[in-house]
Every structure is written in structure tokens, then in C-alpha cells.
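In: build the 3D model from these lines:
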Amino acid sequence: MCEVLQIARSTFYYETEVAAQKEKEKAKEEQELKEKILKIFNENRKVYGTRKIKRELLKAGHKVSRRRIGRLMKELGIQSKYAQPSYKPMSSQPNEESVRNVLDQEFQVAEEMSVLVSDLTYVKVGQ
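Out: Residues are numbered from 1 along each chain as shown. The predicted structure follows:
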């Protein structure tokens, strides 16, 4: 193989040893980073996302990208509480009228207080 590639055998063995050593170091660093991320996440009521975790790691002297933090969080199976989607589809069309138009724009009535008209755009009920 070395003859075909025209490299010395020592170079081949050196490259494989160095590559294996770098891989071990990277795995060790990733594990330490996972432990720090998990510690920060749990200390802050499990609400910190990638931005806040990155800020905390910078304070501790570790420069890590948000993308890497996100990947490690995904590997750990943790997710910020605020990052979860809260979309709820509407049960009816927004422009459909659910109440009949009884007055039909005739606001002159015979008795006072027989008809009450209001424009309710927002009413908080329960939650």
C-alpha cells in the first residue's frame, strides 16, 4: 500500500497513531463538554438553551459554538423548555361568524336597554 501511494512506512504508522491519539483526545474533550453542558442545564431549572449555555461556558473559559452545543444537547437528549413548539391549530375558521346578526345594523329600538351592543376583541377566560 505504501509503495502504491509512494510514502514511507513510518509515515503511514505515524499518521495512524496521531489520528488515533487525536480521536481519543477529541472524545475526551466532548465528554467533558457534555458534563459541563448538563451541569449548567440542570443548575438553571432546565430552561437554558444554546445561547445561554454558550454564555456560561465563555465565563468558564471555553469557546464553543452554538451549533456544537446544540449537537451535544441533542446527543444528551436535553432540550430547553422554551424551545418546544406550542402551536395549536384553530378549531374553526377565523372569519366565520358564530353568532347571528340580529340587529342587522338597526340601532334604533323602541325600549331603552332592550339591546346591548359591544365590540369585544379580547376577553380572557380562565387560562
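
In: L72: what secondary structure?
Out: Following DSSP: H, G, I helix; E, B strand; the rest coil, the label given to L72 is helix.

In: tell me where this protein has strands.
Out: For the chain, no strands turn up when DSSP state E is the criterion.

In: residue at max distance from the center of it?
Out: Note on the chain: the largest C-alpha distance from the chain mean falls to A110, namely 59.5 Å (Cα atoms, centre = their mean).

In: how many neighbours does the closest residue to Q79 other than its chain neighbours have?
Out: Leaving aside its sequence neighbours, Q79 sits nearest to M73 (Cβ to Cβ, 6 or more residues apart in numbering; 6.8 Å). For every residue, glycine as well, the C-beta is placed using N, CA and C. Residues within reach of M73, counting by other Cβ atoms under 10 Å, total 21.

In: which residues touch M73?
Out: Taking Cβ atoms under 8 Å, 6 or more residues apart in numbering as the criterion, M73 is in contact with I37, F41, T50, I53, Q79.

In: how close does the residue nearest to I78 when sequence neighbours are not counted sit to T50?
Out: Closest residue to I78 apart from its sequence neighbours, by Cβ to Cβ, 6+ apart: F41 at 5.5 Å. For F41, the distance to T50 equals 10 Å [Cβ to Cβ, to the nearest Å].

In: got it, and V125?
Out: As judged by Cβ to Cβ, V125 and T50 stand 36 Å apart.
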